[in-house]
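> no sequence on hand, only this structure:
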């Protein structure tokens with residue numbers, strides 16, 4: 001099954017950066033995990049057995065039930081990929097920072113043109129993150 005690509009976030013939508021959600025029902029769980037999938041920062045999942053899974057949620061597989069629906073997370077401290085059933089997730093917390101916020105193509109073009117117009121060197125290289 002091909003992996004779905006992340007959708008472009010709606011600029012008018014509020015970023016979930018810093019949000020924390022207790023997952024009490026299937027609808028809330030599905031909605032929160034969809035937001036986590038579209039989020040470009042890390043998330044921390046607390047599982048029913050108390051384990052913590054933290055990292056970048058890069059994929060989800062939606063099945064017929066919560067038990068056969070899964071997210072896949074690339075570990076924050078390693079490249080290990082972990083598969084977790086929706087039914088096992090009790091809490092999701094979004095990192096405080098969306099690393100791609102304000103870094104749209106339109107923003108990049110605007111900065112590029114501003115530098116060129118000011119006579120500064122403007123290149124195609126990406127910015128260095130702090």
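The structure has been received and is ready for your questions. These numbers come from a predicted model, not from an experiment.

> which stretches of this structure form helices?
Using DSSP state H, the helices of the chain run over 26-38, 105-117.

> just name the most buried of those helices.
When the helices of the chain are scored by mean count of other C-beta atoms under 10 Å, the highest mean neighbour count falls to helix 26-38 (a mean of 17). Any C-beta I mention is one placed from the backbone N, CA and C, and that applies to glycine too.

> quick one: contacts of it?
With contacts defined as C-beta atoms under 8 Å, 6 or more residues apart in numbering, helix 26-38 is touched by 6-7, 9, 16, 19, 21, 23, 43, 57, 59-60, 62, 66, 69, 71, 86, 89, 92, 94.

> not including adjacent chain positions, what is the nearest residue to residue 49?
Distances taken as C-beta to C-beta, 6 or more residues apart in numbering place residue 88 nearest to residue 49, at 7.5 Å, with adjacent residues excluded.

> please disregard the earlier target; I meant residue 73.
Using C-beta to C-beta, 6+ apart and skipping the chain neighbours, the partner closest in space to residue 73 is residue 55 (4.5 Å).

> likewise residue 57?
residue 36 (4.7 Å).

> pLDDT at that neighbour, what is it?
Note on residue 36: pLDDT of 92.

> with the one 10 residues further on instead?
The pLDDT attached to residue 46 in the predicted structure is 96.

> wait, what's in contact with it?
Contact partners of residue 46, counting by C-beta under 8 Å, 6+ apart, are 52, 89, 90, 91, 92, 93.

> surely the second one and residue 24 touch.
This means residue 89. No - Residue 89 lies out of contact with residue 24 (C-beta atoms under 8 Å); the separation is 11.3 Å.

> report the helix or strand with the lowest average pLDDT across the protein.
The weakest-scoring helix or strand in the chain, judged by mean pLDDT, DSSP states H and E, is helix 105-117 (a mean of 78).
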